[in-house]
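Student: Sharing a model that was predicted from the sequence below.
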Amino acid sequence: MHDLYTQESARLLGVAKRIARSDALAEDIVHDAFIKIWTRAGSFDPARGTARGWIFSVTRHLALNFMRDNAHIIQVSEQSESAVLAEAALDVATEVDTFEYRARSGRIYGCLEQLEPARRNCILHAYVDGYSHSEISQKVGAPLGTVKAWIKRSLVALRECMG
Amino acid sequence: MNENSVPPDETPDLLIAEYVLGVLSREERDRVEAMIALEPRHQRAMAQWQEQFAEWLGQLPASSPPVGTWGRIEQRLFAGASHPPSRASGWWNNLGLWRWTTAALAAGLLASVLTLQQPASGPGPALLARLDQSDGNTLFAATISPDRRGVLFVNTHHADWPGKSAEAWVIAADGKPRSLGLLPANASATLNVTPQLADLLASGAVLAVTLEPLNGSPNGQPTGPVVAQGKISSL
C-alpha cells in the first residue's frame, strides 16, 4: 500500500486540488481516497478497466461529492444567449487550451478535436475542474438549459466518434 | 435550433457519461449510482467512459502531499483493524481482522498491478482473466500475482451455491484441469499456487470454476458443471 501511495499520491493530489481548489481540502480528499482504495480494493474489477483508472475514479468521486455537498446554490439569470456565448467561448477557450490535450494520441483527443471549441471547453472544464452544470453555466454566462444541451450533444458526438 | 431542447436520445448511457464527466448535482449523482449498481451493463458503460476520460487527468500537474499524510492514512487503517477480539473466540475468528487482511491482500495486488503498468519495470506482464458464465456475464475477475504464486478471485456477481463448493481450476495447453482450490461463497479470495502449477498460469491458459460436492472434487478432476471460465491474458 505504501508503494501505491508513493507512486500515485502526487498525481491524485493534483487531480483533487484542481477540483477542490484548496490544498488542505485536497489533502483530506486524498487521505480519504487511500482509505477507500485500501478497504475496497477487492471490488476493483480488472476486467472493467485499469487499476489506475479505478483509483483516479475513487478520488474524483470523493472530490465531486464533497464539492456538490458544499456548493452554494447558484442562481442562473436568464440572460440573452447570443450576446454572452461568443464572449464566453473566447474566454473559456484561452483558459483551457493550456491543457495541451492536442499533443496526445488517444482516440478521445481526435474526437475532442471535432467538437466546436466552446463545447470542447465545456467538456474539459466539467471533467478536469469538476464543475457542475450550474457552475459551467455561471462561468460561461450561458443559460443552464443551453449548457446541459451542449454537454449532452458533445457526449453523444464523442460516443459516436469513439464507436 | 432550440438550444434548450434535450436531444431525443436521453439514454442511460448518456446519463452515465454525464455522471462520469461530473456535471450532475449530488441528488442526480446518487440516483445514477443507484441505477448503475443494479446493472452490469451500466457498470461496463461507466468503466468505459472513465477509461476514456481518465487520460486528461494524467496531464494535470502532480503535487506531492505533505509528509504527514501517509502517517495519518496508516494510523487510520490500523485503528480500523484493531477491534478487540472477544474472549470467547481466537483472533482467527475475528471477522474484522479477516476483512482487513483480505483488503490488504487485494490492495497489495492492486499495487502490483499498478507497478506492472509502469513502462519498462517489473518482472513480467500482469496476468488477468475474466471468468464469464455461459450467458456472457462476468462472474469472477482473476488477477495473478507477478510471481504467479497467488491468484486473486473477485466475484463480480452474487456467487453462492448452497450445498456445493465452488472449485477453481487451471487448464493449460494439454487440456488437463488442475485444481487451484476452493472459492468461498460471495467473497474475494487469494488462492496460493504451488510452484508446479505456477508455470501453468500463463497467457492463453484457461481458468474455470466448477460446482463440486462440499469440500471439493472427490477425485481431483472436475465432476460438476462449469459455472464460469475465461482465458488468461496479459495486461
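Tutor: That came through, no problem. Numbers count the residues shown, from 1 in each chain, chains lettered A, B, ... in the order given.
Student: Report the helix or strand with the lowest average pLDDT across chain B.
Tutor: Ranked by mean pLDDT, DSSP states H and E, the weakest helix or strand in chain B is helix B:95-117, scoring a mean of 60.
Student: Residues touching the next helix or strand after that helix, excluding its own?
Tutor: Next helix or strand after helix B:95-117 toward the C-terminus (DSSP states H and E): strand B:127-132. Outside strand B:127-132, the residues within contact range by Cβ atoms under 8 Å, 6 or more residues apart in numbering or on different chains are A:46-47, B:138-144, B:148, B:153, B:201-203, B:206-209, B:228-235. Using the backbone N, CA and C atoms, a C-beta is placed for each residue, glycine as well.
Student: again, only using 7 Å
Tutor: Outside strand B:127-132, the residues within contact range by Cβ atoms under 7 Å, 6 or more residues apart in numbering or on different chains are A:46-47, B:138-144, B:201, B:203, B:207, B:209, B:228-235.
Student: among those residues, which are in strands?
Tutor: B:138-144, B:207, B:209, B:228-234 (DSSP state E).
Student: Neighbour-wise, give me the winner out of those residues.
Tutor: B:Phe140 (30 neighbours; other Cβ atoms under 10 Å in any protein chain shown).
Student: Leaving out the residues flanking it, which one is nearest to the most centrally placed residue in chain B?
Tutor: Centroid-nearest residue in chain B: B:Val154, 4.3 Å away (criterion: Cα atoms, centre = their mean). The shortest distance from B:Val154 to any non-neighbouring residue, by Cβ to Cβ, 6 or more residues apart in numbering or on different chains, is to B:Ser188 (4.2 Å).
Student: hang on, that neighbour packs against A:Gly42?
Tutor: Yes: with contact defined as Cβ atoms under 7 Å, B:Ser188 reaches A:Gly42; the gap is 4.2 Å.
Student: Could you check which of these two is surrounded by more residues?
Tutor: It is B:Ser188, of B:Ser188 and A:Gly42, that has more neighbours when counted by other Cβ under 10 Å, with 24 against 21.
Student: any idea how far A:Asp28 is from B:Arg26?
Tutor: From B:Arg26 across to A:Asp28, the span is 18 Å (Cβ to Cβ, to the nearest Å).
Student: moving C-terminal of the helix or strand of chain A with the lowest mean pLDDT, what's the next helix or strand?
Tutor: Within chain A, confidence by mean pLDDT, DSSP H and E is lowest for helix A:81-96 among all helices and strands, at a mean of 43. Remark: after helix A:81-96, the chain's next helix or strand is helix A:107-113, criterion DSSP H and E.
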